[in-house]
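Chemist: Give me the fold of what follows.
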Amino acid sequence: MTRIFQSHLAMLGFSVLVAGSFSFGSIIANDISPIALTAVRFILAAVVIGIITIATGSVTQAALKSPWRYLILGGVFSVYFVLMFEGLKTATPVSTVAIFTLIPAVSAIAGFVILGQIVSFRIVAALIIGALGALWVIFRGDIYALSTLSIGRGELVYFVGCIAHALMPILFRLLSRGENPLMVTFGLLTSGAMMLCVFGAREIIETEWISLPMIVWVAIFYLSICASAVTFVLLQFASMHLPATNVMAYTYLTPIWVLVWELLLGHDVPNLWVLGGVFLAVLSLMLLLRTSLEG
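Modeler: Below you'll find the predicted structure:
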């Protein structure tokens, strides 16, 4: 089994685990504060990544320079997750994951404006198709709703969070000092957890942790270990062997897995007409994969 094939399997697993975070997040969104949830998630994930970082000797001199960089990265990533769970209080997993597929397009625009990065026409076309698929799902295939910009509060809140997420690749490049990615992630998670504990101290203290339903703890474990620590390892492995376009392409597969998660959890799924947007997302994935293979 080649590294390339293993990397594609890794990204397939990545998309499955990320998709699960939308379904599990929607289940517990109204049972715990988004800030408290994100804080405990970051703490648990930081412990796991920290152990791996120390075990692999990834703590280098370069990684310890300018620690303020981790505060910026951790702060921006915290904004994304807090707004994600805030949005899931009212938005459905399907509509939020549709917005999630807009991240590559937003990131491409930000990369052009801030870093002057230029992408090919085919990639732009694929991003546009993916974005159209996302809008199709968000507005549930209702042309009238699209024309009047009828979008829910939860979707709008999460979109703001996605803008923060889209800035992460740019911030990584601007703030990089050549350190090991494991150390960057550990610093990001640790800094994010610290800031959340400071600014969200009241909500964290007021959370009745002992009284939380078991499903909340199951979701916290999943979000911390599976959807954070494990997905990071998969992403790092794949990034070492696949072009960035290939890695980005798997974002468009996430809505499919959300539908699978929703079915497995016994939740309602959209009608077949709305699923047309998902098919556009898959088409976008195929275009991006083909582009990277030909390039």
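Chemist: Ile4: what's it in contact with?
Modeler: By CB atoms under 8 Å, 6 or more residues apart in numbering, Ile4 lies in contact with His241, Leu242. The C-beta positions use only the backbone N, C-alpha and C, and glycine is treated the same way.
Chemist: Helix or strand: which one has it?
Modeler: helix 3-28 (DSSP states H and E).
Chemist: And that helix, what's buried?
Modeler: Of all the residues in helix 3-28, those buried under the rule 16 or more other CB atoms under 10 Å are 7-8, 10-11, 13-28.
Chemist: Could you do stretch 175-188 as well?
Modeler: Quick answer for stretch 175-188 (16+ other CB under 10 Å): Glu179, Asn180, Pro181, Leu182, Met183, Val184, Thr185, Phe186, Gly187, Leu188.
Chemist: so the fifth one touches Ser58, yeah?
Modeler: Translated: Met183. Yes. The pair Met183 / Ser58 is scored as a contact, 4.8 Å apart, by CB atoms under 8 Å.
Chemist: Quick check: the gap between Ser239 and Trp261.
Modeler: For Ser239, the distance to Trp261 equals 25 Å [CB to CB, to the nearest Å].
Chemist: Revised request: answer the last question for Val16.
Modeler: In terms of CB to CB, Val16 sits 8 Å off from Trp261.
Chemist: what about the chain, any weak spots by pLDDT?
Modeler: Applying pLDDT under 70 to the chain flags residues 1, 60-64, 119, 138-150, 243-246, 248, 269-272, 289, 291-295.
Chemist: And the closest residue to Leu253 other than its chain neighbours, how far from Val198?
Modeler: For Leu253, ignoring the flanking residues on the chain, the nearest one in space by CB to CB, 6 or more residues apart in numbering is Ser15 at 4.5 Å. Ser15 sits 33 Å away from Val198, going by CB to CB.
Chemist: Which residue ranges of the stretch 51-200 of the chain form helices?
Modeler: 68-87, 93-100, 103-115, 121-138, 143-147, 153-175, 181-199 (DSSP state H, counting those that start in this stretch).
Chemist: deepest of these, which one?
Modeler: helix 93-100 (a mean of 27; mean count of other CB atoms under 10 Å).
Chemist: elements contacting that one?
Modeler: When contacts are defined as 3 or more CB pairs under 8 Å, 6 or more residues apart in numbering; DSSP states H and E, helix 93-100 sits against helix 3-28, helix 121-138, helix 153-175, helix 254-264.
Chemist: and it, how far out from the chain's middle?
Modeler: Once both centres are worked out by CA atoms, centre = their mean, to the nearest Å, helix 93-100 turns out to sit 11 Å from its chain's centre.
Chemist: Can you tell me what sits against that helix?
Modeler: By CB under 8 Å, 6+ apart, the residues outside helix 93-100 that reach it are 19, 22-23, 25-26, 84, 87-88, 133-138, 140, 152, 154-155, 158-159, 162, 251, 254-255, 258-259, 261-262, 267, 269-270, 274, 277, 281.
Chemist: Report the angle between that helix and helix 3-28.
Modeler: 130 degrees (axes from the mean of the first three to the mean of the last three CA atoms, to 10 degrees).
Chemist: roughly how far apart are the spatially closest residue to Ile163 that is not a sequence neighbour and Phe100?
Modeler: Excluding the flanking residues, the one nearest Ile163 by CB to CB, 6+ apart is Val106, at 6.0 Å. Counting by CB to CB, the separation of Val106 from Phe100 is 11 Å.
Chemist: Find residues that contact each of the two.
Modeler: In contact with both Val106 and Phe100: Cys162, using CB under 8 Å, 6+ apart.
Chemist: check contacts around Gly154.
Modeler: For Gly154, the contact set (CB under 8 Å, 6+ apart) comprises Glu86, Gly87, Leu88, Lys89, Thr90, Ala91, Ser95, Thr96.
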